[in-house]
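Asks: predicted structure and sequence below. I'll ask about it afterward.
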Amino acid sequence: MTDPAPVGPADPPARGALLRPLRHRRFRQLALGRALTYFANSMAPLALAFAVLDLGGSAVEVGLVVGARSVANAVLLLFGGLLADRLPRGLVLQGASLAAALAQGAVAAALLLDAADLTVLVVLSVLNGAVSAVSIPASAALTPQTVPAGELRGANALARMGLNTGMIAGTSLGGMITALTGPGWGLACNALAFLAAAAAYRQAGSGLASARGGSGERTKPWQELREGWKEFVSRSWVWVVVLQFFVVNAVAAGSLQVLGPTIADDTFGRTAWGFVLATQMAGALVGGIVVARSKAKHALRIGVAVVALDALPLLALAQSAELAILLAAMFVNGMAIEQFGVAWDLSLQEHIPQERLARVYSYDALGSMLALPAGEMTAGPLAEEIGARATLLGGTGLVAVATCAALCSREVRSLTVRSGAR
């Protein structure tokens with residue numbers, strides 16, 4: 001296995017340790033590319049949802065369009081993980097970003113030229129989801145190749161803070177642009193952001209070989225996928241947490257991507273909803289600072305436990321709470337998401353062999369992504385049948401049950417991490 005990360009031990013802990021990974025050029029470019037990618041992707045569901053509503057669509061049709069993107073994403077995730085372990089990950093990210101720019105540009109053109117209908121939005125949404133699937137495992141698995149092992153906790157925290165900043169800007173700008181000029185211009189911004197991300201990924205991956213290097217006999221794709229699956233199922237803490245997030249992501253997708261815009265359209269408005277989503281990312285940004293300074297050895301146990309706070313925004317929406325209460329709930333939820341996110345990335349990167357890491361990430365992402373269309377396409381019909389409030393309260397209960405079940409796993413509770421721990 002080729003390890004192109006900077007050689008030598010990490011520096012001892014000191015003031016400014018949070019920023020230490022930024023010394024490495026490849027890491028800086030990777031973090032920038034991921035931030036730009038998430039900036040674009042955070043605008044896409046919001047703009048698509050309001051585009052469907054502008055065409056006279058219902059919550060069911062919003063779920064169909066947004067969910068079609070998630071289905072395509074899930075279908076090609078394993079292929080993306082296979083590519084990221086076979087090819088240089090920077091090259092994979094460049095190609096995915098360029099393809100995403102073309103897909104988003106096509107959606108934007110259709111909307112701006114008044115040539116879009118529900119079928120066009122579904123087809124282009126599928127294409128966009130397909131190309132974005134390739135980049136998910138590659139971007140996460142590339143991080144250990146850009147910094148020393150001892151700096152992984154800080155690197156993951158910084159990278160996630162960058163992408164959360166991108167999501168804050170994307171959701172805020174997406175809400176404002178959609179309210180002022182329409183969804184088409186938001187998706188045009190997506191295309192430009194993806195082009196910039198491709199340039200950053202080119203710098204991040206320059207000179208890096210594939211994770212397993214040029215040696216070794218090349219096996220068949222199906223065999224390589226089986227190797228990744230064996231790594232995935234051999235560790236119960238991995239698949240238990242993925243099952244937890246299948247439930248949590250399904251609930252969150254249906255509640256925040258489908259019911260949220262519908263409720264916002266009837267109450268406090270589209271611009272405010274953009275800021276609600278941005279507040280969640282602001283909480284994640286603060287949470288990133290907190291977790292980067294953490295020395296907890298049982299990071300995964302803490303991260304899994306605080307996922308229960310995903311229920312707070314659902315409760316606020318279900319109770320028709322004041323906008324200020326909803327904003328506070330989303331901020332706390334964002335902090336909790338980040339505690340888990342850094343712990344999860346760090347746990348995988350330290351315990352999974354580098355040459356199989358992208359494939360394990362792809363199985364992880366597949367479990368989460370399969371949940372998205374399930375939640376997005378179910379929330380609308382369920383809300384029409386039993387009401388939005390009952391649907392949101394039911395989702396709250398599911399989040400609590402899934403979190404408690406994950407914490408029953410001894411491996412989840414006992415897993416330790418090394419980077420920054422004491």
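Replies: Received it, and whenever you're ready, just let me know what you need.
Asks: going forward, measure contacts and count neighbours with C-alpha atoms only.
Replies: Will do.
Asks: please state the offset of stretch 239-254 from the chain centre?
Replies: Here stretch 239-254 is found 13 Å from its chain centre; the criterion is C-alpha atoms, centre = their mean, to the nearest Å.
Asks: same thing with stretch 321-339?
Replies: How far stretch 321-339 lies from its chain's middle: 18 Å, per C-alpha atoms, centre = their mean.
Asks: pull out the buried positions in that stretch.
Replies: Residues of stretch 321-339 classed as buried by neighbour count (16 or more other C-alpha atoms under 10 Å): 323, 326-339.
Asks: next one: stretch 379-387
Replies: Using 16+ other C-alpha under 10 Å, the residues of stretch 379-387 that count as buried are 379, 380, 381, 383.
Asks: mean confidence (pLDDT) on that stretch, please.
Replies: Average pLDDT, stretch 379-387: 87.
Asks: what does stretch 345-361 give?
Replies: For stretch 345-361, mean pLDDT rounds to 81.
Asks: end to end, how far does that stretch reach?
Replies: From the first residue to the last, stretch 345-361 extends over 9 Å; the measure is C-alpha to C-alpha, to the nearest Å.
Asks: is residue 417 in a helix, a strand, or coil?
Replies: Counting by DSSP: H, G, I helix; E, B strand; the rest coil, the backbone at residue 417 sits in coil.
Asks: and it, how many neighbours?
Replies: Close neighbours of residue 417, defined as other C-alpha atoms under 10 Å, add up to 21.
Asks: just give the nearest non-adjacent residue to it, would you?
Replies: In this structure, residue 417 finds its nearest non-sequential neighbour in residue 297, 5.3 Å apart by C-alpha to C-alpha, 6 or more residues apart in numbering.
Asks: thinking again about what came up before, now the buried residues of stretch 379-387 as JSON lines including distance to residue 372 and secondary structure?
Replies: JSON lines is the format used below for the buried residues of stretch 379-387 (distance: C-alpha to C-alpha, whole Å; DSSP: H, G, I helix; E, B strand; the rest coil):
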{"residue": "379", "distance to residue 372": "11", "secondary structure": "helix"}
{"residue": "380", "distance to residue 372": "13", "secondary structure": "helix"}
{"residue": "381", "distance to residue 372": "15", "secondary structure": "helix"}
{"residue": "383", "distance to residue 372": "17", "secondary structure": "helix"}
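Asks: closest to residue 111 out of those residues?
Replies: When the buried residues of stretch 379-387 are compared for distance to residue 111, the smallest value, 23.6 Å, is given by residue 380; criterion: C-alpha to C-alpha.
Asks: contacting residues for that closest one?
Replies: 59, 60, 63, 254, 258, 259 (C-alpha atoms under 8 Å, 6 or more residues apart in numbering).
Asks: number of nearby residues for the third one?
Replies: The reference is to residue 63. Taking other C-alpha under 10 Å as the neighbour definition, residue 63 ends up with a count of 27.
Asks: how about it, phi and psi?
Replies: Here is the backbone geometry of residue 63 (degrees, to the nearest 10): phi -60, psi -40.
Asks: my guess is it contacts residue 258. True?
Replies: Yes. Taking contact to mean C-alpha atoms under 8 Å, the distance of 5.8 Å between residue 63 and residue 258 places them in contact.
Asks: which residues do those two both contact?
Replies: Between them, residue 63 and residue 258 have 376, 379, 380 as joint contacts when contacts are counted by C-alpha under 8 Å, 6+ apart.
Asks: quick one: the second one from residue 182, how far?
Replies: As defined by C-alpha to C-alpha, residue 379 lies at a distance of 25 Å from residue 182.
Asks: before we move on, what about residue 88?
Replies: In this structure, residue 88 and residue 182 are separated by 38 Å, where distance is defined by C-alpha to C-alpha.
Asks: kindly report the same for residue 327.
Replies: Distance from residue 327 to residue 182, counting by C-alpha to C-alpha: 24 Å.
Asks: also residue 34?
Replies: 26 Å.
Asks: over to residue 338?
Replies: According to C-alpha to C-alpha, residue 338 stands 31 Å off from residue 182.
Asks: try residue 78
Replies: 35 Å.
Asks: compare these two and say which is more crowded by neighbours.
Replies: Under the neighbour definition other C-alpha under 10 Å, residue 78 and residue 182 were set side by side, and residue 78 has more, 25 against 19.
Asks: avg pLDDT for the host helix or strand of the more buried one?
Replies: Using DSSP states H and E, the element containing residue 78 is helix 77-86. Average pLDDT, helix 77-86: 73.
Asks: give me the contact list for that helix.
Replies: Around helix 77-86, the neighbours that count as contacts under C-alpha under 8 Å, 6+ apart are 92, 133-138, 210-212, 221, 224-225, 355-363, 365-366.
Asks: just stretch 277-290 next, same as before
Replies: With C-alpha under 8 Å, 6+ apart as the contact definition, stretch 277-290 has outside contacts at 157-158, 160-161, 164-165, 167-172, 327-328, 330-339, 342.
Asks: before we move on, the earlier item: now the shared contacts of residue 63 and residue 258 in TSV, with distance to residue 313?
Replies: Conversion of these to TSV gives the following (distance: C-alpha to C-alpha, whole Å):
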residue	distance to residue 313
376	17
379	16
380	18
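Asks: rebuild the buried residues of stretch 379-387 as TSV, extending it with distance to residue 117.
Replies: As requested, the buried residues of stretch 379-387 are arranged in TSV below (distance: C-alpha to C-alpha, whole Å):
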residue	distance to residue 117
379	22
380	20
381	21
383	24
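Asks: show me where the stretch 251-400 of the chain has helices.
Replies: Assignment of helices within the stretch 251-400 of the chain using DSSP state H, counting those that start in this stretch yields the ranges 260-266, 270-292, 299-306, 311-318, 323-351, 357-386, 388-407.
Asks: next secondary structure after the helix or strand bottoming out on mean pLDDT in the chain?
Replies: Within the chain, judged by mean pLDDT, DSSP states H and E, the helix or strand with the poorest mean is helix 77-86; its value is a mean of 73. Taking DSSP H and E as the definition, the helix or strand that follows helix 77-86 towards the C-terminus is helix 89-112.
Asks: output the contacting helices and strands for the helix or strand just after that following helix.
Replies: Heading C-terminal from helix 89-112, the first helix or strand you meet, by DSSP H and E, is helix 118-142. Where contact means 3 or more C-alpha pairs under 8 Å, 6 or more residues apart in numbering; DSSP states H and E, helix 118-142 is packed against helix 25-54, helix 59-75, helix 77-86, helix 89-112, helix 357-386.
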